[in-house]
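S.K.: here is the input, now give the coordinates:
(one chain, ligands or ions: 2)
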Amino acid sequence: MSEGPLSTVGVIGAGAWGTALAQMLASDGRTVLLWAREAELVAAINADRVNTPYLPGIALHPTIRATNDLDELSGLATVLVVTPAQHMGTVLAGLAGFSGDLVLCSKGIEAGTERMMADVARAVVPGAALAVLSGPTFAHEVAAGLPTAVTLACSDGETQWQRLSPVIARPAFRPYFSRDVIGAEIGGAVKNVLAVACGVVEGLRLGQNARAALIGRGHAEMVRFGVAMGAQAETLSGLSGLGDLVLTCTSTASRNFTLGKALGEGGSAAALLGDRRTVAEGAFTAPVLAGMARERGIAMPIAEAVAALVSDRVPARAIVDTLLARPLRAEVEAGVPYAGGEDSLG
Ligand SMILES: NC(=O)C1=CN([C@@H]2O[C@H](COP(=O)(O)OP(=O)(O)OC[C@H]3O[C@@H](n4cnc5c(N)ncnc54)[C@H](O)[C@@H]3O)[C@@H](O)[C@H]2O)C=CC1
Ligand SMILES: O=C(CO)COP(=O)(O)O
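M.R.: Ligands and ions are numbered 1, 2, ... in the order given. Reported below is the predicted structural model:
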């Protein structure tokens, strides 16, 4: 299906992912309005056609225009939101009256409120039609035009998909339709936490078996939590769940994995998080995710371990010992990966 004359698309957030999405969207010649928080970045993108701080080495298409003014995006039909998860609510407050399709691309859970990104957006921009775009998508690969597939979960179902898919799909960028908004959100948020854990395995040189075990048992945690929150298990085994989990748990291109590796090598979380410019969402999601799981009686020992680690409460080696000492149990119970058990990681 074609969308007629190419519509202008807005992108909020000019970090690596927002800029890569703008580049992908502009690849068919359409205008993309890219909102950046930093005035100097707006000027640099418009003058030099490159986003050196966040996506260096990519020559941006001429139809991308950066702006610092959210009002410029308020009348568009489609806007992608790509801020760090913890700042989405504050930034979206500047677009409160928006009534088009708002496509949420950030991965995380809001600390303090325990809100998923769609809950944040629904509260702040009540007139928008929400969708979630999530999947295995390293920004630099999408910006380079390499083949990529994502879940596009539409809260308004097929009608919204018919509107959005021609705007978002490109020959090498394939969205797959879903109605499972919460499932797509949980996959992206939880995999960041698990990627930190896989980085720790690498930093401690625990081997490939340990990494695969962590991906398998981490996925079990994702499914337990997701199903309890109303997600479909199938979504969590798809692109935005298992697909993204495998990508981020196996590559030093992942910021979350790299953070975990440095923690495994003995770095302190406070020091590692203190002066980074780019966002490792798992560090912010782990404590709130672990808290939500505890409140609901859902066993998530790996998420608990990462929460303890990013708070500098327990050293990495001690956490591994605790995980290995857990009682033996069934792998699957009544169709859901085993849900029982208590853990204490400090
Ligand atoms: N980089 C990637 O490959 C992918 C990232 N994502 C998600 O996209 C979201 C954005 O990540 P990136 O684009 O990678 O960011 P980034 O790490 O490249 O850049 C950090 C961004 O945070 C913004 N920022 C810093 N302080 C802020 C504040 N107080 N208020 C508002 N914005 C602030 C900066 O302006 C910049 O845009 C995250 O939720 C991430 O999980 C999703 C898929 C792929
Ligand atoms: O979400 C991502 C890939 O899908 C990016 O992962 P990192 O934030 O760990 O780099």
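S.K.: what comes up buried for stretch 72-82?
M.R.: By neighbour count on 16 or more other C-beta atoms under 10 Å, the buried set for stretch 72-82 is Leu73, Ser74, Leu76, Ala77, Thr78, Val79, Leu80, Val81, Val82. All C-beta spots, glycine's among them, are computed from the backbone N, C-alpha and C.
S.K.: meant to ask about stretch 91-106
M.R.: Quick answer for stretch 91-106 (16+ other C-beta under 10 Å): Val91, Leu92, Gly94, Leu95, Phe98, Gly100, Asp101, Leu102, Val103, Leu104, Cys105, Ser106.
S.K.: same deal with stretch 185-204?
M.R.: For stretch 185-204, burial by neighbour count (16+ other C-beta under 10 Å) applies to 185-204.
S.K.: contacts made by the helix or strand bottoming out on mean pLDDT in the chain with the rest, please.
M.R.: Ranked by mean pLDDT, DSSP states H and E, the weakest helix or strand in the chain is strand 336-337, scoring a mean of 74. Identification of contacts with strand 336-337 by C-beta atoms under 8 Å, 6 or more residues apart in numbering yields His219, Ala220, Glu221, Val223, Arg224, Val227, Ala233, Glu331.
S.K.: out of those residues, which are buried?
M.R.: Of the contacts of strand 336-337, these count as buried by 16+ other C-beta under 10 Å: His219, Ala220, Glu221, Val223, Arg224, Val227, Ala233.
S.K.: using TSV, please lay out those residues together with pLDDT.
M.R.: Formatted as TSV, those follow (pLDDT from 0 to 100):
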residue	pLDDT
His219	97
Ala220	97
Glu221	97
Val223	97
Arg224	96
Val227	97
Ala233	97
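S.K.: just the buried residues of stretch 185-204: which are in helices?
M.R.: With helices taken from DSSP state H, the overlap with those comprises 185-203.
S.K.: okay, now the nearest residue to Gly108 once chain neighbours are set aside: neighbour count?
M.R.: Spatial nearest neighbour of Gly108, chain neighbours left out: Ala85 (2.6 Å); criterion: C-beta to C-beta, 6 or more residues apart in numbering. Number of residues near Ala85 (other C-beta atoms under 10 Å) recorded here: 26.
S.K.: surely Gly291 is in a strand?
M.R.: No. Assigned with DSSP: H, G, I helix; E, B strand; the rest coil, Gly291 falls outside any strand and is helix.
S.K.: so which of the buried residues of stretch 72-82 are in helices?
M.R.: With helices taken from DSSP H, there is no overlap with those.
S.K.: near ligand 1, which residues of the chain are found?
M.R.: 13-18, 37-38, 54, 82-85, 87, 91, 105-108, 137-139, 278-279, 281 (C-beta under 6 Å from any ligand atom).
S.K.: quick one: which of the buried ones among the contacts of strand 336-337 sit in strands?
M.R.: Among the buried ones among the contacts of strand 336-337, no member falls in strands (DSSP state E).
S.K.: among the buried residues of stretch 72-82, which one sits closest to ligand 1?
M.R.: Val82 (5.1 Å; C-beta to the nearest ligand atom).
S.K.: residue contacts, that closest one?
M.R.: Val82 neighbours (C-beta under 8 Å, 6+ apart): Val11, Ile12, Gly13, Gly15, Trp17, Gly18, Leu21, Cys105, Ser106.
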